[in-house]
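>>> starting from these lines, generate the structure:
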Amino acid sequence: MRILAYTCAGGYDSPPLHGKTIFLDMAARGRLLARGMSYRPDVVIANGDHIYWDMTTALARVEPQYVKEQLWAKFGGELDLSVPMLHEKNLPIFTSVCDYQIAGLYRTTLRSTPAFFLTDDHDTFENDEFDAQVATLPPDTYGTLGAEQTQSPVLSGVPSRRESTGLAARRRQSARTGRHKHHLRHIALRQLAGSGAL
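So this is what the prediction gives:
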């Protein structure tokens, strides 16, 4: 069996900070993924850190102005931790972050390869740190729920049992009007951001 295993595939493009690159740009990550997939692995194991959107630790360890202007602003700004992750104030930011870092990287690359996505610290929206300045261990409920919500059927386009009958009817209608293939591609991309992807 041939296994492709790696970690820390998340991140977003940003200008260097003090001459150092924070994350590989998406094009470079895409090339690394394509190279790994060129070996035709039997299974892919993505070992955590699919999402980098640290809240407290980013502001404490990186320059706050850089974080807010060069990173968070591109996706809608700062999450409001006083309301749930899926609140209307946070949902557009949350989905933009997940779509860019997960679906934006994988697209349909894994459509024919079994893949297992494990959760690590950054997937809970913090780095795991504990010292006199910052303590994010154990992870709080907000972060652990955030990690679970990146897998939510609501975000991934996967229907519940209650919705499946209506979805089947819509698919039949889409096929009759020539939109079926486009609809399936859309669902496949959304599934990469959720349904078993983490």
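
>>> hang on, isn't T150 packed against H122?
No: assessed by CB atoms under 8 Å, T150 is found out of contact with H122, at 11.4 Å. (C-beta placed from N, C-alpha, C; glycine too.)

>>> between the two, what contacts are shared?
H50, I51 (CB atoms under 8 Å, 6 or more residues apart in numbering).

>>> who has more neighbours, the two?
For T150 and H122, the more surrounded residue by other CB atoms under 10 Å is T150, and the numbers stand at 25 against 22.

>>> F23 versus that one, what's the distance?
T150 sits at a distance of 18 Å from F23 (criterion: CB to CB, to the nearest Å).

>>> check which helix or strand A5 maps to.
A5 belongs to strand 3-6 when elements are defined using DSSP states H and E.

>>> ranges for the strands of this protein?
3-6, 43-47, 115-118 (DSSP state E).

>>> avg pLDDT for the second one?
Looking back up the chat, that one is strand 43-47. Across strand 43-47, the average pLDDT comes to 96.

>>> quick check, distance from it to the centre of its chain.
With CA atoms, centre = their mean, to the nearest Å as the basis, strand 43-47 stands 15 Å off its chain's centre.

>>> for the first one, same thing?
Its chain's average C-alpha position is 18 Å from that of strand 3-6, according to CA atoms, centre = their mean.

>>> neighbouring strands - and their directions - for it?
As defined by DSSP bridges, the strand partners of strand 3-6 come to strand 43-47 (parallel).

>>> could you pull out the buried residues of the strand it pairs with?
V44, I45, A46 (16 or more other CB atoms under 10 Å).

>>> now those in TSV, with distance to V83?
Shown next, in TSV, are the buried residues of strand 43-47 (distance: CB to CB, whole Å):
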residue	distance to V83
V44	35
I45	34
A46	30
